[in-house]
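Student: Sharing a sequence plus its predicted fold:
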Amino acid sequence: MITAWARTRLRGLWANASPSGADRLLGGLLAPAEPPFRLAVAARNRWYDRKPPDWAPMPVVSVGNLTVGGTGKTPVIRWLREWFAGLGRRVAVVTRGYGADEVALYRRWFGRGAVLVGPDRVASIGAAWRDGYDLALMDDGFQHRRAARAADILLVAAEDPWGVRLLPRGPYREPLTSAGRATHIFVTRRTSEPSAADAWIARLSRIAPHVSASRIELRMDGWHDLAWSPAEPPAGDVLAVCSIARPEAFAAGLRELLPHSDVRLAAFPDHYRFGRRDIAKLLRQRDGRAVVCTAKDAQKLAAFPGFARRCVTVGFSVVGEPPDPLCGMLTSLVRDS
């Protein structure tokens, strides 16, 4: 069981290209574990390269990444589902359900019946088809190679570490060469300069020249209270509360959105389960500030009414429509299915 302290230390190590102090020591301790993990990933991929995927009764569009969280899968899943729904398709979301906060958010957005949760995603796809859905979006599906898919969308964040270190020494689950397995690559951008996204596109285009790569922007918007009713943006200084893979990006986005506010960050490990002691600590940290949390964390923080009434949430959405050639491919998929 990885403790919250260890996850915080890992996050610091993974985010820092030149770690020092305790993070450097931790990196040295973890370095011997990286080569065996790399070998295991290579062996697994060679096995799946030779094995045909399991047949799916309807089109499946996978959305995944190479790193542990933080690339924008959740807003991209919502963006694609709304786009398909606009074309009249009944779309199910298939997810392993590792992050219960993501499942709760999907169910709030799409309805409980449209979200199928379980480790056997091939079985979930079949169940969705029997329930009358005609297309499935597979959340975090890039490494789930057993299920056949019509499109394999790989997300790379402009904020991803440029140096590729595999687990547990770094956040990468696979090397960059695995990008060649995708059908489309999106470089997602929250607050980084456009040049960072462009540099990633150029790098990935050299590694996987046959895969289309383009940039999409994630915009922070949509203020709600924790009962999910529309709310006004906060006035004055802010305490930003989050338990996501990239808390600094959340705080930076709030600083852009609220340029006249002083934003103080209260970050917890990804998918953290808040307890009463955490809430008491946050109330002390608040010091009269407005509290803003992510949409994922709103699902959990709503369980504490005394805190929830002081808190509003803001989400991320994708700007624009799917770019070509993905748009043309998805349109054909809908037309032909």
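Tutor: Great, that's in hand. Residues are numbered from 1 along each chain as shown.
Student: so where is the stretch 201-337 of the chain shaky, pLDDT-wise?
Tutor: Along the stretch 201-337 of the chain, no part satisfies pLDDT under 70.
Student: Would you check how far apart Arg112 and Pro168 are?
Tutor: For Arg112, the distance to Pro168 equals 35 Å [Cβ to Cβ, to the nearest Å]. The C-beta positions use only the backbone N, C-alpha and C, and glycine is treated the same way.
Student: So for the two, which residue has more residues nearby?
Tutor: Neighbour count, other Cβ atoms under 10 Å: between Arg112 and Pro168, Pro168 has more, with 19 against 9.
Student: How about the more buried one: what's its closest non-neighbour residue?
Tutor: Leaving aside its chain neighbours, Pro168 sits nearest to Leu30 (5.0 Å; criterion: Cβ to Cβ, 6 or more residues apart in numbering).
Student: Just confirm that neighbour contacts Arg165, I think it does.
Tutor: No - in this structure, Leu30 is not within contact of Arg165 by Cβ atoms under 8 Å, at 9.0 Å.
Student: Mind jotting down where the strands sit in this protein?
Tutor: With DSSP state E as the criterion, the chain has strands at 60-65, 91-95, 115-117, 135-139, 151-157, 184-189, 212-225, 238-242, 263-267, 290-294, 311-318.
Student: Buried deepest among the ones you listed, which one?
Tutor: strand 135-139 (a mean of 27; mean count of other Cβ atoms under 10 Å).
Student: starting at the chain centroid, how far to that strand?
Tutor: 15 Å (Cα atoms, centre = their mean, to the nearest Å).
Student: Including distance to Arg50, could the strands of the chain go into JSON lines?
Tutor: Shown next, in JSON lines, are these (distance: least, Cβ to Cβ, whole Å):
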{"stretch": "strand 60-65", "distance to Arg50": "20"}
{"stretch": "strand 91-95", "distance to Arg50": "25"}
{"stretch": "strand 115-117", "distance to Arg50": "29"}
{"stretch": "strand 135-139", "distance to Arg50": "22"}
{"stretch": "strand 151-157", "distance to Arg50": "18"}
{"stretch": "strand 184-189", "distance to Arg50": "24"}
{"stretch": "strand 212-225", "distance to Arg50": "26"}
{"stretch": "strand 238-242", "distance to Arg50": "42"}
{"stretch": "strand 263-267", "distance to Arg50": "43"}
{"stretch": "strand 290-294", "distance to Arg50": "41"}
{"stretch": "strand 311-318", "distance to Arg50": "35"}
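Student: hang on, Gln299 packs against Trp109?
Tutor: No - contact criterion Cβ under 8 Å: Gln299 and Trp109 do not qualify, at 11.3 Å.
Student: got the residue ranges for the helices in this protein?
Tutor: Ranges of helices in the chain, per DSSP state H, are 4-15, 22-30, 34-50, 73-86, 100-110, 121-130, 194-207, 247-257, 276-286, 295-301, 305-308, 326-336.
Student: Please identify the deepest-packed of those helices.
Tutor: Note that of the helices of the chain, helix 295-301 is the most buried (mean count of other Cβ under 10 Å), with a mean of 22.
Student: Enumerate residues external to it that contact any of its residues.
Tutor: Contacts to helix 295-301, defined as Cβ atoms under 8 Å, 6 or more residues apart in numbering, come from residues 74, 99, 101-102, 104-105, 108, 222, 224, 226, 228, 241-244, 273-274, 279, 293, 307-308, 311, 313-316.
Student: how about stretch 74-85 as CSV, C-alpha atoms only?
Tutor: Extracted in CSV, the C-alpha atoms of stretch 74-85 (Å, rounded to 0.1, in the frame of the first residue of the first chain):
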residue,chain,number,x,y,z
THR,A,74,-12.0,13.0,-18.5
PRO,A,75,-12.8,16.2,-20.4
VAL,A,76,-11.8,14.6,-23.7
ILE,A,77,-14.2,11.6,-23.0
ARG,A,78,-17.0,14.1,-22.3
TRP,A,79,-16.1,16.1,-25.4
LEU,A,80,-16.2,13.1,-27.7
ARG,A,81,-19.4,11.7,-26.1
GLU,A,82,-21.2,15.0,-26.6
TRP,A,83,-20.0,15.1,-30.2
PHE,A,84,-21.2,11.6,-30.9
ALA,A,85,-24.5,12.3,-29.2
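Student: looking at the strands of the chain, which is closest to Ala202?
Tutor: Closest to Ala202 of the strands of the chain is strand 212-225 (Cβ to Cβ; 8.8 Å).
Student: Now do that closest one: which elements does it pack against?
Tutor: strand 184-189, helix 194-207, helix 247-257, helix 295-301, strand 311-318 (3 or more Cβ pairs under 8 Å, 6 or more residues apart in numbering; DSSP states H and E).
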